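[1] Here is my input, please return the structure:
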Amino acid sequence: MASSSIHRCLPHGELLLVLITVALASLTPTLAWVSTLNHMHPTTQLKAEQGDDDTSDRKYSGYNVLGTELSCCCSNVGGSGIGTGFYRNGFCSTGDNDVGRHTVCVQVTDQFLQYSKSVGNDLSTPMPEYHFPGLKEGDIWCLCAQRWAQAYNAGKAPKLFLQSTHEKTLDYIPLEIMKIFAIDAEESASVVNKLNLQRSQLNELMKKEASEDNEAFQ
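    Take a look at the predicted model:
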């Protein structure tokens with residue numbers, strides 16, 4: 001709805017309340033983008049242990065680490081016909097039963113797969129009983145947040161997709177660090193900049209409405 005239509009339908013006070021509600025709903029993390037890749041010797045140690053379970057009932061929807069709608073990670077892993085994610089629906093969604101938090105959308109490498117196997121998490125061997133096709137270099141998969149943090153601490157973390165990584169990942173990994181490994185960094189930055197512009201426009205409109213309200217009471 002255009003702003004002119006809103007002006008015709010609502011008094012100034014109600015309009016201001018609506019604008020505040022919209023502005024709060026559109027808030028997203030705003031952090032400086034990191035331009036250098038120096039992850040081989042990380043100085044920040046991430047939480048690689050299990051966290052509290054998610055009490056949300058929403059299994060197939062959610063938000064990503066940017067605060068926007070979660071994008072599909074991979075619906076056909078390695079041509080197997082199997083979708084990634086705890087629910088095997090192609091999304092890194094999480095819920096009550098996903099204790100491991102399969103929330104990080106990564107693109108695996110041989111180096112990472114070898115490391116993962118060496119620490120007891122064999123991601124290369126297929127396990128049909130769990131609808132797991134087995135991964136090879138270049139495959140895209142929803143990795144447990146704790147496992148990504150563990151690999152990061154060892155200097156073996158794979159690259160990831162911010163727009164397909166569930167917001168619950170922020171309980172384990174800071175956004176600033178994920179940005180360093182982001183394959184979709186440029187696109188994600190554009191999304192954040194667009195949201196920030198919309199927020200700025202809303203703030204200006206709210207100031208204008210507040211000023212008009214003040215003049216009305218004088």
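[2] Can you tell me the closest non-neighbouring residue to Phe132?
    Spatial nearest neighbour of Phe132, excluding adjacent residues (C-beta to C-beta, 6 or more residues apart in numbering): Pro126 at 6.2 Å. C-beta coordinates here come from the backbone N, C-alpha and C atoms, glycine included.
[3] Quick check: that neighbour touching Pro133?
    Yes: the pair Pro126 / Pro133 is scored as a contact, 5.5 Å apart, by C-beta atoms under 8 Å.
[4] which one of those two has more residues nearby?
    Taking other C-beta atoms under 10 Å, Pro126 and Pro133 do not tie; Pro133 has more neighbours (19 against 14).
[5] circling back to that earlier point, who touches the residue nearest to Phe132 in this structure?
    Going by C-beta atoms under 8 Å, 6 or more residues apart in numbering, Pro126 touches Phe132, Pro133, Gly134.
[6] JSON lines for the residues you listed, including distance to Asp213, pLDDT and secondary structure?
    Below are the contacts of Pro126 laid out as JSON lines (distance: C-beta to C-beta, whole Å; pLDDT from 0 to 100; DSSP: H, G, I helix; E, B strand; the rest coil):
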{"residue": "Phe132", "distance to Asp213": "59", "pLDDT": "95", "secondary structure": "strand"}
{"residue": "Pro133", "distance to Asp213": "60", "pLDDT": "95", "secondary structure": "coil"}
{"residue": "Gly134", "distance to Asp213": "63", "pLDDT": "96", "secondary structure": "coil"}
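[7] Include distance to Cys92 when you put these into TSV, please.
    Formatted as TSV, the contacts of Pro126 follow (distance: C-beta to C-beta, whole Å):
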residue	distance to Cys92
Phe132	15
Pro133	16
Gly134	19
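[8] between these, which is nearest Lys117?
    Distance to Lys117, by C-beta to C-beta, is smallest for Gly134 among the contacts of Pro126, at 11.4 Å.
[9] Report how many residues lie close to the closest one.
    The burial count for Gly134: 16, using other C-beta under 10 Å.
[10] do Ser211 as well
    Counted with other C-beta under 10 Å, Ser211 comes out at 11.
[11] Give me the helices and strands touching the helix or strand it falls within, please.
    In the assignment (DSSP states H and E), Ser211 maps to helix 185-217. If you count contacts as 3 or more C-beta pairs under 8 Å, 6 or more residues apart in numbering; DSSP states H and E, helix 185-217 packs onto helix 12-25.
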